[in-house]
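Visitor: Here you go, sequence then predicted model.
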Amino acid sequence: MDPQEGPQVLKVFVGLLVLVLLGVAGFAWGTLHWAYSDGERAGYVQKFAHKGWLCKTWEGEMAMVTMPGTVAEKFQFTVTNSAVAQKLNAVIGKRVALHYEQHKWLPSSCFGDTEYFVTDVRVAE
């Protein structure tokens, strides 16, 4: 083995490692800033808690009832914005409409337990 090969192999390895890390960081940035879909869902928030060991996010569950007497569909969501979380806490118990963005393929649950991120809340009539 040539004595010059050792430092060159190390440089190639470090270069590949940097490229992989940049790729993962770029993928994470892309999944967080590009919404696969967005929309609104209406119902009654039945659970809302600030959860997480290291990365704290607000996690909630909303019951969506189409007609009285029918089984409610559950919509689980994440809130990362403190102002939206405060707004949602203020209207718990009322029928609300949640505007959300769906972010698929998030690389970690540190960003939230669900792929549905609530961006706005309003009281539904």
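Guide: The structure has been received and is ready for your questions.

Visitor: Which parts of the protein are helices?
Guide: 5-33, 82-90 (DSSP state H).

Visitor: Can you tell me which of those helices is nearest to residue 119?
Guide: Across those, residue 119 has its closest neighbour in helix 82-90 (6.6 Å, CB to CB). Placement of C-beta: from N, CA and C, glycine included.

Visitor: Return the set of buried residues in the closest one.
Guide: Of the residues in helix 82-90, 84-85, 87-88 count as buried by neighbour count, 16 or more other CB atoms under 10 Å.

Visitor: and the two most separated of the residues you listed?
Guide: Based on CB to CB, the longest span within these runs between 85 and 87 and measures 7.2 Å.

Visitor: which strand in the chain runs the most residues?
Guide: Longest strand of the chain, by residue count under DSSP state E: strand 37-51.

Visitor: So what's the gap between it and the chain middle?
Guide: Strand 37-51 has its C-alpha centroid displaced from the chain centroid by 12 Å (CA atoms, centre = their mean, to the nearest Å).

Visitor: Stretch 9-18 too?
Guide: Worked out by CA atoms, centre = their mean, stretch 9-18 lies 33 Å from the chain centre.

Visitor: Going forward, count from 21.
Guide: Sure, I'll start numbering at 21, so the last one becomes stretch 29-38.

Visitor: Now it - C-alpha only, CSV.
Guide: What follows is stretch 29-38, C-alpha atoms only, in CSV (Å, rounded to 0.1, in the frame of the first residue of the first chain):
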residue,chain,number,x,y,z
VAL,A,29,-9.0,7.4,1.2
LEU,A,30,-9.8,9.4,4.4
LYS,A,31,-10.6,12.5,2.2
VAL,A,32,-12.9,10.5,0.0
PHE,A,33,-14.6,8.9,3.0
VAL,A,34,-15.1,12.3,4.7
GLY,A,35,-16.4,13.8,1.4
LEU,A,36,-18.9,11.0,1.0
LEU,A,37,-20.0,11.4,4.6
VAL,A,38,-20.5,15.1,4.2
